[in-house]
Structure formats: structure tokens, C-alpha cells
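>>> here is a sequence together with a model predicted from it:
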Amino acid sequence: MSWIILFFAGLFEVGWAVGLKYTDGFTRPLPTALTIAAMGISLVLLGIAMKDLPLGTAYAIWTGIGAIGTVIAGIILFGESMAPMRILSVALIVSGLLGLKLSH
């Protein structure tokens, strides 16, 4: 169950990272409120997952999900680059996360 909670914590991290783009420097109230809520939910879920998972593994996977999800969101929502080196770099992050998961 901790892995599922950690996965959702990572998704909420993606949500707040993307939300930052929409806050326009925290000048737009609704996007700002949603971004802050996503931050809080993400941190609470991470804390719950860390009850059963090692600190280093949980934190690395949380940030990894956030990084990968944010890159994907940037490509889809903002037309960011899909350069081969970017995609390879994301693949390396995925392989590192899988290694952490499998070694737990």
C-alpha cells in the first residue's frame, strides 16, 4: 500500500509543479490555491509512505515521478522539446527508479 501512496504523492508533485506555471508568479488566486493544495497533499502522502519505506528510496522515487511527470506534462501542455537526449535522460531516470524499487 505504501508504494501506491507514494505513487499518488508523486502525481500530486507533478500537479503542483505544473500548477506553478499557471499561477503567474502567485498572482492568480485559483491556480495558486490549487497549487498550494497539491503541495500539501503531496507532502502528506509522502510522509505516510515513508512510515514503511526507506527514506532514500521513497524520496528518490517521489522526486523521480515528479521529474518524469513534469517532463511529460511540459511536452503535452506547453509544447516543450522531445529531443532524443531529453527522452534518453528520462529513460535513465526511469531505470534508476526501477532499480530502487527492485532493490527494496
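In hand now; what should we look at?

>>> okay, the residue with the largest distance to the centre of the chain and Phe8: tell me how far apart.
Distance from the centre of the chain peaks at Thr27, with 23.3 Å (Cα atoms, centre = their mean). Distance of Thr27 to Phe8, given as Cβ to Cβ, to the nearest Å: 29 Å. C-beta coordinates here come from the backbone N, C-alpha and C atoms, glycine included.

>>> what do you get for Lys51?
Taking Cβ to Cβ, one finds Lys51 at 15 Å from Phe8.

>>> name the residue in the two with the higher neighbour count.
Phe8 (16 against 9; other Cβ atoms under 10 Å).

>>> excluding its backbone neighbours, what's nearest the more buried one?
Leu45 (5.6 Å; Cβ to Cβ, 6 or more residues apart in numbering).

>>> cool, Ile75 as well?
Here the residue nearest Ile75, using Cβ to Cβ, 6+ apart, is Met82, at 5.7 Å.

>>> other SSEs contacting the longest helix along the chain?
If you go by DSSP state H, the chain has its longest helix at helix 55-78. Packing contacts for helix 55-78, counted by 3 or more Cβ pairs under 8 Å, 6 or more residues apart in numbering; DSSP states H and E, involve helix 2-22, helix 29-49, helix 84-103.
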